[in-house]
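What shape does this take:
(2 chains)
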2 protein chains.
Amino acid sequence: MKEERYFYVPEASDSNELPVDEAIHAVRVLRLKESDEIFLMDGKGSFYKAFITLTNSKHCYYKIEQSLPQTKSWTGYLHLAIAPTKDISRVEWLVEKATEIGFDEISFLNCHYSERKTIRKDRIERIVISAMKQSRKPWKPIVNDMVTFDNFMRREIVGSKFICHCYDEIEKADFFNYLKHLNSINEITVLVGPEGDFSIDEVRQAMNNNYQCVTLGTSRLRTETAGLTAIIVANLICRK
Amino acid sequence: MKEERYFYVPEASDSNELPVDEAIHAVRVLRLKESDEIFLMDGKGSFYKAFITLTNSKHCYYKIEQSLPQTKSWTGYLHLAIAPTKDISRVEWLVEKATEIGFDEISFLNCHYSERKTIRKDRIERIVISAMKQSRKPWKPIVNDMVTFDNFMRREIVGSKFICHCYDEIEKADFFNYLKHLNSINEITVLVGPEGDFSIDEVRQAMNNNYQCVTLGTSRLRTETAGLTAIIVANLICRK
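Model (predicted):
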C-alpha cells in the first residue's frame, strides 16, 4: 500500500466522505475510482481499511471495511515547547522529524530574544499530517498557536517539566540521565529557547514554576537540533 | 567571540596564512584588519587564538598567540555509511546535524535501490566545515567519496558493525539496547539504506561480513532521519 493512499480523516468512523483537500487529492491527483482500496487515519490511534463508493470532481465517499486500532509505541506524553527559528524552514524540518520519531504536542514560544514572532499554524499542521502519513503514525501531535513565554508559564502543566539553556552559572542536570532515573514517566514537557537563548529572567521564571534546568550534552546545538535531540532522547526513554 | 571569526585552517600551527576562501571571507566580508583577534580550528582537536598581522585583497596572515587543545566529548569512533536520498537537501541537513551532534566519518553508499548515484563531496565538505564552526567542533568528520555497496563491503572495518533495515523476516537487535550492553566501544560503523531499503542480498552480504542487523525502534523513519537517529543514539551511549 503506497503512502499516497493514506488519508487523514479526523472523524473517520463517523463519516463516509473524505475532507475536501483529501478528496481532491484522491480524485484529481491519484485518480482513484469506485471500489479502490484506501487507508484512513483518524489521528486518534486508529487506521481504517476502506474502499471508495462514489467519486465526483470534489467529493470522495468511502465505506469502512475494517477498523485497525494501533498501539502507541511510547508511554506517557511528550510535549515540546520551542521558540521557532528566524529561518522557518528549520522549524519545519524539526516538526517533520519529530512527527516521524513520535511525540504528542508542540507549542511555539515568543521569547525575549526571539527573532520570529509569528508562525503559520496551518503550514505546520500540513507538515505534521504529511509526516504522519509518511511514517504511518496513528496519533496526530497537537499543534498550538504561538504564545508569549509569560503566557506559556501561566499554563497549568502536569508531569516532569524541563528547560534547556546555556547559562553556565546555573546548575543543570543531564536530560538523558535525569529521565533514565525517574521512577515513572507520565508527561514530559521540555522547553527550548531561540537562537539567542532564553533570557536569564525567563530561566528563573521557569525554575520558579518547577521546571528543572537540563543540558542535552556538551555539544553546542542549533535551536532546531536541540528540539529534535530532546524528542529523540525522551522517546528513547519512554518507548515501550 | 562571534562564529564568523572562527576559521578552518587544517595546518594552523604550521602556517601563518589563512587558506584562500577563508582569507577572502575574513578580508572582504568581515573586513578584518591588522591586530584583529581570530580563532583558528585545525579539525584535529585544537583551537588557536591568533591575531591578524597583515591583509590584502586575497591574503590574510596571522600569528598564533595561544594553542587551545580540546577534549573530545565522546569515546570511540562513530562512522555512518548511508545511501544518499534522491533529494540532496535531505542528506545535506543530515550532514549538518550529525556534525553538530558529533561524529567521526561519513561514507556514501550506492546501493541496489539507490535513486541517487552521485554526490558532490566538495558541497558536503563545505557543510561540514560550516557546522563545525557553528557548533565549535574541534574535530572535522572525514567525508568519503561515494562507493558501491560491494566496494564498501570489501573495506576492512574494525569494531562494532551494524546494518539498519526493514525486513521483518530477519531478526534484528535494538540498536540502543545493543550498544548499552556492550562492554567496551571502540569503533561503531552503522549502515543506513536508500528510500527503497537495502536489497535482501545486500543485507545478507553485510551479515556475512559480521554486520549485526539492528532496528532504531518501531517508527518508520525516512533515510536521513534514520541516519541522524543512529548518530544521536551512538553519541549518547559513547559520550564521556
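
how close does the most centrally placed residue in chain A sit to residue B:211?
In chain A, the C-alpha nearest the mean C-alpha coordinate belongs to residue A:141, at 4.0 Å (Cα atoms, centre = their mean). As defined by Cβ to Cβ, to the nearest Å, residue A:141 lies at a distance of 34 Å from residue B:211. For every residue, glycine as well, the C-beta is placed using N, CA and C.

Give me the distance between the closest residue in space to residue A:45 that isn't next to it in sequence and chain B.
Closest residue in space to residue A:45, ignoring its immediate chain neighbours: residue A:138 at 5.0 Å, by Cβ to Cβ, 6 or more residues apart in numbering or on different chains. Distance of residue A:138 to chain B, given as Cβ to the nearest Cβ, to the nearest Å: 12 Å.

Tell me, what's the model's pLDDT at residue A:138?
As predicted, residue A:138 sits at a pLDDT of 91.

surely it meets residue A:70?
Yes: when contacts are counted by Cβ atoms under 8 Å, residue A:138 is listed as touching residue A:70 (3.8 Å).

related to what we said a few turns ago, name all residues that make contact with the residue nearest to the centre of chain A.
Taking Cβ atoms under 8 Å, 6 or more residues apart in numbering or on different chains as the contact definition, residue A:141 lies against A:98, A:99, A:103, A:104, A:105, A:106, A:128.

Kindly recompute the last result at 10 Å.
A:43, A:78-80, A:95, A:98-99, A:102-106, A:124-125, A:128-129, A:131-132 (Cβ atoms under 10 Å, 6 or more residues apart in numbering or on different chains).

Mind pulling the model confidence for residue A:229?
97.

Please disregard the earlier target; I meant residue A:240.
81.

surely it meets residue B:174?
No: counting by Cβ atoms under 10 Å, residue B:174 is not a contact partner of residue A:240; they are 11.8 Å apart.

Show me whatever sits in contact with both of residue A:138 and residue A:70.
Common neighbours of residue A:138 and residue A:70 (Cβ under 10 Å, 6+ apart) are A:41, A:44, A:45, A:46, A:47.

got TSV for those residues, with neighbour count too?
Formatted as TSV, the shared contacts of residue A:138 and residue A:70 follow (neighbours: other Cβ atoms under 10 Å in any protein chain shown):
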residue	neighbour count
A:41	25
A:44	14
A:45	14
A:46	16
A:47	18
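
So which of those are in strands?
A:41, A:46, A:47 (DSSP state E).

that older thread, just the buried residues out of the contacts of residue A:141, in ChimeraX syntax.
In ChimeraX, this line selects whichever of the contacts of residue A:141 come out buried by 16 or more other Cβ atoms under 10 Å in any protein chain shown:
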select /A:43,78,79,80,95,98,99,102,103,104,106,124,128,129,131,132
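
filter the contacts of residue A:141 down to the ones near chain B?
A:98, A:99, A:102, A:131 (Cβ under 10 Å from any Cβ of the partner chain).

Looking at the ones in strands among the shared contacts of residue A:138 and residue A:70, spot the one nearest residue A:149.
Nearest to residue A:149 among these is residue A:41, at 33.5 Å by Cβ to Cβ.

The closest one contacts residue A:137, correct?
Yes: with contact defined as Cβ under 10 Å, residue A:41 counts as touching residue A:137 (7.9 Å).

tell me, what's touching those two both at once?
Counting by Cβ under 10 Å, 6+ apart, the residues touching both residue A:41 and residue A:137 are A:70, A:129.

Counting neighbours, go ahead and name the busier of residue A:138 and residue A:70.
Comparing residue A:138 with residue A:70 by neighbour count (other Cβ atoms under 10 Å in any protein chain shown), the higher total belongs to residue A:138, at 18 against 14.

State the distance from that one to residue A:239.
15 Å.

Repeat that for residue A:156.
For residue A:156, the distance to residue A:239 - Cβ to Cβ - is 27 Å.

Of those two, which one has the most company?
Using other Cβ under 10 Å as the criterion, residue A:156 and residue A:239 rank with residue A:239 on top: 17 against 5.

Might you report the residue contacts of the more buried one?
A:72, A:73, A:74, A:75, A:101, A:102, B:174, B:176, B:217, B:218, B:219.

which one of those is nearest residue B:120?
Looking across the contacts of residue A:239 and measuring by Cβ to Cβ, the closest to residue B:120 is residue A:101, at 28.5 Å.

hang on, isn't that closest one packed against residue A:232?
Yes: counting by Cβ under 10 Å, residue A:232 is a contact partner of residue A:101 at 5.7 Å.

Comparing the two, which residue is more hemmed in?
residue A:101 (28 against 25).

Quick one: the helices in chain A, in order.
For chain A, helices defined by DSSP state H occupy the ranges A:20-24, A:88-101, A:121-135, A:149-154, A:175-180, A:200-208, A:223-238.

which one of these is the most hemmed in?
Mean neighbour count (mean count of other Cβ atoms under 10 Å in any protein chain shown) peaks for helix A:223-238 among those, with a mean of 25.

So is that one next to chain B?
Yes: remark: helix A:223-238 sits within contact range of chain B at A:224, A:225, A:226, A:228, A:229, A:232, A:233, A:235, A:236, A:237, by Cβ under 10 Å from any Cβ.

residues contacting the first one?
Going by Cβ under 10 Å, 6+ apart, residue A:224 touches A:82, A:84-85, A:87, A:89-95, A:97-98, A:192, A:195, B:93, B:97, B:100.

repeat that with 6 Å
Residues near residue A:224 by Cβ atoms under 6 Å, 6 or more residues apart in numbering or on different chains: A:85, A:90, A:94.

now, which of the residues you listed sits nearest chain B?
Of all those, chain B sits closest to residue A:90, with 9.0 Å by Cβ to the nearest Cβ.

ok so, going back, could you identify the most distant pair in the contacts of residue A:239?
Top of the distance list for the contacts of residue A:239 (Cβ to Cβ): A:72 and B:176, 18.3 Å.

Next, count neighbours for the nearest residue to residue A:16 once chain neighbours are set aside.
By the measure of Cβ to Cβ, 6+ apart, the closest residue to residue A:16 outside its immediate chain neighbours is residue A:61, 5.5 Å from it. Residues lying near residue A:61 (other Cβ under 10 Å) number 16.

Contact residues of chain A facing chain B?
Residues of chain A lying close to chain B (Cβ under 6 Å from any Cβ of the partner chain) are A:73, A:97, A:100-102, A:135-136, A:176, A:218-221, A:225, A:229, A:232, A:236.

can you count the residues close to the residue lying closest to residue A:229 once chain neighbours are set aside?
Counting by Cβ to Cβ, 6+ apart, residue A:229 lies nearest to residue A:216, which is 5.0 Å off, once chain neighbours are set aside. Using other Cβ under 10 Å, the number of residues around residue A:216 comes to 24.

Name all residues that make contact with residue A:216.
Applying Cβ under 6 Å, 6+ apart, the residues near residue A:216 are A:164, A:175, A:226, A:229.

Next: residue A:64.
A:48, A:50.

what's the spacing between it and chain B?
Counting by Cβ to the nearest Cβ, the gap from residue A:64 to chain B is 23 Å.

Same check on residue A:68?
Distance from residue A:68 to chain B, by Cβ to the nearest Cβ: 15 Å.

What is the burial count for that residue?
Residue A:68, neighbours per other Cβ under 10 Å, totals 13.

Leaving out chain neighbours, which residue sits closest to it?
Per Cβ to Cβ, 6+ apart, closest to residue A:68 is residue A:47, 4.2 Å.
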